[in-house]
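> fold the following and give me the result.
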Amino acid sequence: MSGLINPQSIGTSSSFIFLLQLPSLPNAGGSCSSCNIAATSNNLLAKSTVPGNIITLSMNSSNTAISQENNITIYTQLMAPIPQGGMYQITLPSGVQPALPINCMNIYAFTLTSGSPSCSYNSTSNSIYTNNFYFSGIGNVVFGVTVINPADTRQVSYTFQTFDSAGNMIGNSAQPTAFMALPLLLNANPTKNITQVSTNYKLTVTLTLGVALTQSDFVKVILPQESYKTTDIVCISGGINVPCTTTIDAVTNNLTVSLAPPCSQCKPGATLTFAIDNLVNPSFINGYSQSLIIQTAHPQGIVEQLATNIALSLATVTVNNYTRNGLSIVGSAYTMPFTYSIPPYIAANGGLLSLNFVPYDSYIKVNYNASQSSYTYPASLSVTDSSGNSYSNSILYDTTSSPNSVT
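Residues are numbered from 1 along each chain as shown. I've put the predicted structure just below:
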């Protein structure tokens, strides 16, 4: 026999009996109703041992910040009905608690047996379950409940289950639904004693705690690539050196300096000050090289965080022996010999020299096409060093003037 369906919850169904009957009376005696001849002595058993899959379509949050109340809306697909007296259950991950009093919502597809939506909390299994919900079909349901987010950014996972009135499981999430809260904004003020590229500096940080810490927690500073020589780094608090660790991210090469909170009473509102010495400013300036992240953290995740920029300043290029050779007549050509100092990073890794001219001051000899009333501009100049080596170059023009001046 084929086409039968297992019982709709985990357990045994004693619903199968083999019964042999006569379809008609002997010797053309007419039809036979309930003319039983033989039957099995016991009911045959059908058993469901694996719950049906509950598919999570999405889970939306009203507030993703750590330790905050969060109204979560859960979209799931059920493969079997929930009978009256049964329940829909959310098993909360470790670190997540229900907001009290329990608040749950029938957003879509459930039927209530009475009154308003009612749910309860089982502290042993850390789960929230419905008291008066049932679902008579197969398909999508939407349920809402209010929880308290984890105390840090650790990743956690929710699962969902359905049960019949006897407590037998009907469905279970085959795939947990992951959630990660976001850190709170940290009140912190970082300063450098020296900002010039490629120089050693001391970073001083003053921060005010919004969330209490213990001595098993951490304060972390994340610095961009090339901001460190890890063997020389020193952490200072209260005028004395304090232990700290340094790690380098294998992908980004960012440096993380971690130390225990420099406070004896690390309560909300406490102000902490510490310094990290013998850091090295990046060798160039862009958004990444000026980035800085300061965090307070539990061992499992981040609690508060400030992602900011801290200024870098350019090194000074010394230009010597600069002259303009040529006639001093307006519009006449000239050459410009000069010598200049090369910063260490450029000397070691190479780079580009950019000469920025004041608009309308210097021009390149251009060709004018009278028939088209237009100019054509050279793409490069002749650039050589004292040894006669030539260098490729390109010219940028200020298009607000006609003819265009060099920028």
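
> show me the strands in the stretch 251-400 of the chain, by range?
255-259, 271-280, 291-298, 301-309, 319-320, 325-326, 334-335, 339-340, 367-369, 374-376, 397-398 (DSSP state E, counting those that start in this stretch).

> quick check: which of those strands is buried the most?
With neighbours taken as mean count of other CB atoms under 10 Å, the strands of the stretch 251-400 of the chain reach their highest mean count in strand 291-298, at a mean of 21. Any C-beta I mention is one placed from the backbone N, CA and C, and that applies to glycine too.

> can you show me the CA trace of that strand as CSV?
Only the C-alpha atoms of strand 291-298 are listed here, as CSV (Å, rounded to 0.1, in the frame of the first residue of the first chain):
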residue,chain,number,x,y,z
SER,A,291,40.7,55.0,11.1
LEU,A,292,40.5,54.0,14.8
ILE,A,293,38.2,51.7,16.7
ILE,A,294,37.9,51.6,20.5
GLN,A,295,35.9,48.9,22.2
THR,A,296,34.8,47.5,25.5
ALA,A,297,34.2,43.8,25.3
HIS,A,298,33.3,40.6,27.1
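
> chain neighbours aside, what residue packs nearest to residue 97?
residue 148 (4.8 Å; CB to CB, 6 or more residues apart in numbering).

> just list whatever residues bridge to the one you found.
residue 69, residue 97 (DSSP bridges).

> can you verify my assumption that it contacts residue 96?
Yes - using CB atoms under 8 Å as the test, residue 148 is close enough to residue 96 to be in contact (6.7 Å).

> which residue of these two possesses the greater neighbour count?
Between residue 148 and residue 96, counting by other CB atoms under 10 Å, residue 96 is the more crowded of the two (21 against 17).

> confidence score at the more buried one?
Residue 96 carries a pLDDT value of 98.

> distance of it relative to residue 239?
Using CB to CB, to the nearest Å, we find residue 96 at a distance of 42 Å from residue 239.

> same thing with residue 269?
Residue 269 is 23 Å from residue 239, where distance means CB to CB.

> cool, residue 247 as well?
In terms of CB to CB, residue 247 sits 26 Å off from residue 239.

> tell me which of those two has more neighbours.
When neighbours are counted by other CB under 10 Å, residue 247 and residue 239 differ, and residue 247 comes out ahead with 13 against 6.

> bridging residues for that one?
Under the criterion used (DSSP bridges), residue 247 bridges to residue 256.

> what does residue 203 give?
residue 192, residue 276.

> pretty sure it is in contact with residue 221, am I right?
Yes - here residue 203 reaches residue 221: they are 7.0 Å apart, a contact under CB under 8 Å.

> need the residues touching each of these two.
Jointly contacting residue 203 and residue 221 under the rule CB atoms under 8 Å, 6 or more residues apart in numbering are 190, 276.

> look at these two and report which has more neighbours.
residue 221 (23 against 20).

> okay, now residue 103: neighbour count?
Neighbour number of residue 103 under other CB under 10 Å is 16.

> tell me the phi and psi of it?
Backbone torsions for residue 103, taken as degrees, to the nearest 10, come to phi -130, psi 120.

> just list the residues touching it, thanks.
Counted by CB under 8 Å, 6+ apart, residue 103 has contacts 119, 145-146.

> only whichever of these are buried, select them in PyMOL.
Selection of buried members from the contacts of residue 103 for PyMOL, criterion 16 or more other CB atoms under 10 Å:
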select buried, resi 119+145+146
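
> out of the contacts of residue 103, flag the one nearest to residue 307.
The nearest member of the contacts of residue 103 to residue 307, counting by CB to CB, is residue 146 at 29.1 Å.

> can you list the residues that contact the helix or strand where the closest one lies?
Applying DSSP states H and E as the criterion places residue 146 in strand 139-148. Counting contacts by CB under 8 Å, 6+ apart, the residues outside strand 139-148 that touch it are 57, 67-78, 88, 90, 92, 96-99, 102-110, 119, 128, 130, 135.

> buried ones in that strand, by neighbour count?
In strand 139-148, counting by 16+ other CB under 10 Å, buried: 141-148.

> could you identify the helix or strand that succeeds that strand?
Downstream of strand 139-148, the first helix or strand assigned by DSSP H and E is strand 155-163.

> other residues contacting the helix or strand following that next one?
Note on strand 155-163: by DSSP H and E, the next helix or strand toward the C-terminus is strand 169-173. Outside strand 169-173, the residues that touch it by CB under 8 Å, 6+ apart are 8-10, 51-54, 56, 78-82, 86, 158-164.

> that'll do, ta.
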